[in-house]
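Engineer: The following block contains a protein sequence and its predicted model.
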Amino acid sequence: MVEDWKRRAERAGVSLSKFVIERVLDSIRREDGEEGYLSRADLIKRLRNTEEEVKRLREENRLLRKLVENLDNEL
């Protein structure tokens, strides 16, 4: 059990004690039904999705700017 926790903490990039504390607090908050509470894993997932969306939108923005520039040059 402890070895599994150590591996999970290592994958999460935190110390074992911080890993255990986060899991206990997560469990308590879920049990209490704390409104709007997201676990660390959920926050990481949201962050990754948001970063992907930002990257996609930046690329789209870059292409649209290039299009506008090309249209301006044609006029």
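Structural biologist: Ah, there it is. Please read all numbers here as calculations on a predicted model, not as lab measurements.
Engineer: Ramachandran coordinates for G13?
Structural biologist: Backbone torsions of G13, given as degrees, to the nearest 10, read phi 80, psi 30.
Engineer: From G36, how far out is it?
Structural biologist: Taking Cβ to Cβ, to the nearest Å as the measure, G13 and G36 are separated by 25 Å. C-betas here are computed from N, CA, C, even on glycine.
Engineer: ok, now L47?
Structural biologist: Per Cβ to Cβ, L47 is found 16 Å from G36.
Engineer: between G13 and G36, who's got more neighbours?
Structural biologist: Counted by other Cβ atoms under 10 Å, G13 and G36 do not tie: G13 has more neighbours, with 8 against 5.
Engineer: do you know how far the more buried one is from M1?
Structural biologist: G13 is 21 Å from M1, by Cβ to Cβ.
Engineer: can you tell me the helix or strand for the spatially most central residue of the chain?
Structural biologist: Taking Cα atoms, centre = their mean as the criterion, L47 is the residue nearest the geometric centre of the chain, at 2.2 Å. Here L47, judged by DSSP states H and E, is contained in helix 40-74.
Engineer: residues making contact with stretch 37-50?
Structural biologist: By Cβ atoms under 8 Å, 6 or more residues apart in numbering, the surrounding residues in contact with stretch 37-50 are A12, E22, D26, R29, R30.
Engineer: In ChimeraX, how would I select the buried members of these?
Structural biologist: Applied in ChimeraX, the following selects the buried portion of the contacts of stretch 37-50 according to 16 or more other Cβ atoms under 10 Å:
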select :22,26
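Engineer: Could you dump the contacts of stretch 37-50 into JSON lines and include secondary structure and distance to A41?
Structural biologist: Formatted as JSON lines, the contacts of stretch 37-50 follow (DSSP: H, G, I helix; E, B strand; the rest coil; distance: Cβ to Cβ, whole Å):
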{"residue": "A12", "secondary structure": "helix", "distance to A41": "8"}
{"residue": "E22", "secondary structure": "helix", "distance to A41": "10"}
{"residue": "D26", "secondary structure": "helix", "distance to A41": "9"}
{"residue": "R29", "secondary structure": "helix", "distance to A41": "13"}
{"residue": "R30", "secondary structure": "helix", "distance to A41": "12"}
